[in-house]
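*Asks:* for reference, the sequence and a predicted model appear below.
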Amino acid sequence: MSTTETPPAAKTAFWNDPVKRGIALQSALIVFVVFVVWTAWNNMSANMVARGLIFGWDYLGRPANFAIGEGLIPFAPTDSYGRAVVVGLLNTLRIAVIGIVLATLLGVAVGVMRLSSNPLLARLVAGYVEVVRNTPLLLQLFLWYAIINTLPGPRQALPLGPGMFLSNRGMKVPWVEWSPVLWPVIWASVAGLVAAVIAARALRRRREATGDAPPTLPIAAALIIGLPFLALALLGFPATLSVPVLQGFNFTGGIELSPEFVALLLGLVLYTAAFIAEIVRGGIVSIYKGQWEAARALGLPAPRIMRLVILPQALRVIIPPLTSQYLNLTKNSSLAVAIGYPDLVHVSNTTM
């Protein structure tokens with residue numbers, strides 16, 4: 001009985017094998033990058049030694065000998081450079097977190113209004129988007145800072161709402177004065193948020209299975225607000241609300257937001273919201289119009305169509321570029337150095 005033998009495969013030259021060639025090129029690139037970094041490090045070390053400088057992180061423990069105008073934690077000139085960097089980092093995170101939340105809310109609202117059937121409203125928001133997007137952010141920051149500095153003093157401050165005032169010294173808003181025993185309230189808030197997420201998922205599964213379920217928003221709001229309120233009640237309401245009150249030539253109580261912070265926040269929020277609005281508008285337009293027609297055929301009103309049908313489908317188009325805008329807002333906060341807000345870049349430049 002004869003057998004058929006498979007001839008051995010011809011050997012491929014090393015350079016003609018795409019797998020081996022790719023590994024070789026990547027290895028060569030890694031070696032080259034390591035060599036460049038090593039050469040640059042040696043060059044920098046030699047130059048620093050020639051000038052009597054010593055590389056290291058010991059300077060972070062030395063006294064900073066400069067003041068920082070505002071921060072989430074106390075800072076004095078006698079504190080270390082390391083603490084100064086932490087203050088700058090917290091200031092950057094504060095402006096980034098608040099700016100992202102406000103820019104998202106404003107951007108979504110403007111994006112929906114751009115598709116409004118009211119031509120006046122649609123054109124107004126379109127004008128806002130086009131003007132803000134095509135104006136340099138640095139120029140907008142200078143504009144808002146100049147406007148705030150030309151506002152009247154605290155005695156003629158502009159009321160913005162209950163307990164909220166805007167003057168040339170910044171903005172005064174109500175603030176909750178926390179008590180040291182409020183840790184149970186914080187944990188209750190976290191538990192309420194987790195419970196709201198779990199409840200929302202359970203209601204969604206029930207709605208998908210049966211077609212009927214209680215509304216999600218009231219239940220989630222009750223959990224998020226109710227559990228901390230219950231913890232406060234059990235503790236005897238140890239927190240007090242501090243409301244700004246005009247006494248003499250300035251306000252007392254509440255919390256003060258500096259003119260630099262307000263100008264930076266306004267500039268970043270309005271600028272980023274214009275880009276987010278276009279992202280939201282593009283995501284909504286990408287949904288096939290048959291979805292609108294089918295939802296109208298079911299008798300859904302326009303707000304519920306947008307909330308339940310259109311926006312959930314548009315999120316897959318909206319989220320990727322939206323993440324980029326969040327990163328852009330955080331990076332653009334480095335322009336705070338131009339108006340004197342002590343962010344991370346400002347403080348780092350001072351320490352160096």
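*Replies:* Happy to help now that I have it.
*Asks:* quick one: contacts of stretch 177-196?
*Replies:* The contact list for stretch 177-196 (Cβ atoms under 8 Å, 6 or more residues apart in numbering) reads 219-221, 223-228, 230-232, 234-235, 238-242. All C-beta atoms are positioned from the backbone trio N, CA, C, and that covers glycine.
*Asks:* ditto for stretch 199-217
*Replies:* Residues outside stretch 199-217 that contact it (Cβ under 8 Å, 6+ apart) are 219-220, 223.
*Asks:* same question for stretch 291-299.
*Replies:* Outside stretch 291-299, the residues touching it (Cβ under 8 Å, 6+ apart) are 304-305, 308-310, 313.
*Asks:* distance from it to the middle of the chain?
*Replies:* Distance, stretch centre to chain centre, for stretch 291-299: 35 Å (Cα atoms, centre = their mean, to the nearest Å).
*Asks:* quick one: average pLDDT of that stretch?
*Replies:* Averaged over stretch 291-299, pLDDT sits at 86.
*Asks:* any idea how far R201 lies from T323?
*Replies:* From R201 across to T323, the span is 23 Å (Cβ to Cβ, to the nearest Å).
*Asks:* wait, S258 touches N91, no?
*Replies:* No - counting by Cβ atoms under 8 Å, S258 sits too far from N91 to count as a contact (10.3 Å).
*Asks:* of the two, which one has the most company?
*Replies:* In this view S258 and N91 are compared by other Cβ atoms under 10 Å, and N91 has more residues nearby, 26 against 17.
*Asks:* in the helix or strand hosting G290, what counts as buried?
*Replies:* Here G290 sits within helix 289-297, counting by DSSP states H and E. By neighbour count on 16 or more other Cβ atoms under 10 Å, the buried set for helix 289-297 is 292, 295.
*Asks:* gap between that helix and the chain center?
*Replies:* 34 Å.
*Asks:* and stretch 95-109, by the same measure?
*Replies:* Per Cα atoms, centre = their mean, the centroid offset for stretch 95-109 relative to its chain is 7 Å.
*Asks:* what do you get for stretch 325-343?
*Replies:* Centroid separation between stretch 325-343 and its chain, computed with Cα atoms, centre = their mean, is 11 Å.
*Asks:* span of that stretch from start to end?
*Replies:* One end of stretch 325-343 to the other measures 19 Å (Cα to Cα, to the nearest Å).
*Asks:* list of residues touching that stretch?
*Replies:* Residues from elsewhere that reach stretch 325-343, judged by Cβ under 8 Å, 6+ apart: 68-71, 87-88, 91-92, 95-96, 99-100, 103, 107, 137-138, 141-142, 145, 258, 260-261, 263-264, 268, 271-272, 275-276, 279, 344-346, 349.
*Asks:* about what we covered before: so what sits against both of S258 and N91?
*Replies:* Common contacts of S258 and N91, defined by Cβ under 8 Å, 6+ apart, comprise 70, 341.
*Asks:* separation between T351 and I95?
*Replies:* 19 Å.
*Asks:* give me the more crowded residue out of these two.
*Replies:* Between T351 and I95, I95 has the larger neighbour count (other Cβ under 10 Å), namely 23 against 17.
*Asks:* pretty sure that one is touching A263, no?
*Replies:* No - between I95 and A263 there is no contact under Cβ under 8 Å: 10.9 Å.
*Asks:* what about L106, how many neighbours?
*Replies:* As a burial measure, L106 scores 17 neighbours (other Cβ under 10 Å).
*Asks:* I should have written A96 there, sorry.
*Replies:* By the criterion of other Cβ under 10 Å, A96 has 19 neighbours.
*Asks:* now the helices for the protein?
*Replies:* Per DSSP state H, the chain carries helices over the ranges 18-50, 81-113, 119-133, 137-149, 183-210, 216-234, 259-285, 289-297, 302-304, 311-332, 344-351.
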